[in-house]
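*Asks:* heads up, no residue letters with this:
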């Protein structure tokens, strides 16, 4: 037979166990819903920062070749991940109640394809190598994204495919219905580097003093072929080429655009006149950058 004193002690133990169960349940619900939501918000904000950084990077590099600032170096910095606290305060902190910071990798490559510019009197064309600057996210709560700066354009690749967020420096336009003008700057990146982690990095880009391509002139036709090595990028550029001609008021019969499964896209501009008529004005600007990446981590991060 249990005495009254024992009943009181048992009720206190049961109450404590129930309270502990409620606390564990509350923490589990918080981890299941609140922590991923907070982590997702952090990663979305970070990916928006990466987007803005790549857009700013494209604008900054364009400003160098537009103003012919050869030898000038531009420095750009951004974080590879969404970040986590490096130090703790004096209060109580439970790491399990905070989202895990994301990571990322930034890469610079010189062997990322090529662009060939061919003309009516030079069918073989001039082949220009293409490099890239690329960021690959390592998100834990949000969809992974790959941001790429290549050929003067900014590409976004994720689960839904690849799109061009910022177009390359290419213009195709109609001059008085007598001439088709093609102005193109095949931006090249030269360098080799790979950094992965969650800390900050610094990208330094210098416009090299390179000789001109000597392609400016009036031709019977002009063909620009871009070897991207990626079918998604090729399809995205195909759409950009078509948009460029539409914006320039170029009739559909003046040009043709095509792609293949290997990631090659091309645009051929024949102009308005009959075959053999030099009615395509081509202007090509040289823009070649030496790019390096540095670890920018410090004790104050």
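*Replies:* Thanks, I have the structure now. Since this is a predicted model, take the numbers as computed values, not measurements.
*Asks:* for this structure, which spans come out with low pLDDT?
*Replies:* 1-10, 16, 30-33, 84-97, 298-301 (pLDDT under 70).
*Asks:* can you tell me the centre-most residue of it?
*Replies:* With distances taken as C-alpha atoms, centre = their mean, the residue of the chain nearest its centroid is residue 147 (2.1 Å).
*Asks:* helix, strand or coil: sort out it for me.
*Replies:* strand (DSSP: H, G, I helix; E, B strand; the rest coil).
*Asks:* from residue 163, how far off is it?
*Replies:* Separation of residue 147 from residue 163 (C-beta to C-beta, to the nearest Å): 11 Å. C-beta here means a position set from N, CA and C on the backbone, and glycine is covered the same way.
*Asks:* try residue 50
*Replies:* Residue 50 is 15 Å from residue 163, by C-beta to C-beta.
*Asks:* which of the two has more residues huddled nearby?
*Replies:* Per other C-beta atoms under 10 Å, whichever of residue 50 and residue 163 has more neighbours is residue 50, with 19 against 16.
*Asks:* hang on, the more buried one packs against residue 147?
*Replies:* Yes: with contact defined as C-beta atoms under 8 Å, residue 50 counts as touching residue 147 (5.7 Å).
*Asks:* what sits in contact with each of the two?
*Replies:* Residues touching both residue 50 and residue 147 (C-beta atoms under 8 Å, 6 or more residues apart in numbering) are residue 135.
*Asks:* enumerate every residue touching residue 149.
*Replies:* For residue 149, the contacting residues are 54, 57, 58, 61, 132, 133, 134, 155, 189, by C-beta under 8 Å, 6+ apart.
*Asks:* go on, residue 121?
*Replies:* Residue 121 touches 219, 220, counting by C-beta under 8 Å, 6+ apart.
*Asks:* from residue 130, how far out is it?
*Replies:* When residue 121 is compared with residue 130 (using C-beta to C-beta), they lie 24 Å apart.
*Asks:* again with residue 271
*Replies:* In terms of C-beta to C-beta, residue 271 sits 26 Å off from residue 130.
*Asks:* now do residue 208
*Replies:* Residue 208 is 15 Å from residue 130, where distance means C-beta to C-beta.
*Asks:* who has more neighbours out of those two?
*Replies:* Set residue 208 next to residue 130 and count neighbours by other C-beta under 10 Å: residue 130 wins out with 22 against 14.
*Asks:* what about the nearest residue to that one once chain neighbours are set aside, how many neighbours?
*Replies:* Excluding its sequence neighbours, the residue lying closest to residue 130 (C-beta to C-beta, 6 or more residues apart in numbering) is residue 113, at 4.5 Å. Residue 113: 21 surrounding residues under other C-beta under 10 Å.
*Asks:* OK, contacts around residue 113?
*Replies:* Residue 113 touches 129, 130, 150, 151, 226, 227, 228, 229, 263, counting by C-beta under 8 Å, 6+ apart.
*Asks:* now it. Its backbone dihedrals?
*Replies:* With angles defined as degrees, to the nearest 10, residue 113 sits at phi 110, psi -170.
*Asks:* over to the one 3 residues further on?
*Replies:* Main-chain dihedrals, residue 116, degrees, to the nearest 10: phi -120, psi 130.
*Asks:* surely it is in contact with residue 123?
*Replies:* No: using C-beta under 8 Å, residue 116 makes no contact with residue 123, being 10.4 Å away.
*Asks:* more neighbours: the two, which one.
*Replies:* A direct count of neighbours by other C-beta under 10 Å for residue 116 and residue 123 places residue 116 higher, at 17 against 9.
*Asks:* list the contacts of that one.
*Replies:* Counting by C-beta under 8 Å, 6+ apart, residue 116 makes contact with 125, 126, 127, 128, 223, 224, 225, 227.
*Asks:* what subset of the residues you listed is buried?
*Replies:* Buried members of the contacts of residue 116, counted by 16 or more other C-beta atoms under 10 Å: 125, 128, 223, 224, 225, 227.
*Asks:* got the contact list for the helix or strand hosting the second one?
*Replies:* Element membership of residue 128 [criterion: DSSP states H and E] is strand 122-129. Applying C-beta under 8 Å, 6+ apart, the contact partners of strand 122-129 are 110-111, 113-119, 186, 188, 213, 215, 223, 225.
*Asks:* okay, and which of the residues you listed map to strands?
*Replies:* By the criterion of DSSP state E, membership of the contacts of strand 122-129 in strands covers 114, 115, 116, 117, 118, 119, 188, 223, 225.
*Asks:* in the stretch 51-200 of the chain, which spans are strands?
*Replies:* Ranges of strands in the stretch 51-200 of the chain, per DSSP state E, counting those that start in this stretch, are 73-79, 103-109, 114-119, 122-129, 132-138, 146-150, 153-158, 161-166, 170-175, 179-184, 188-190, 193-197, 200-207.
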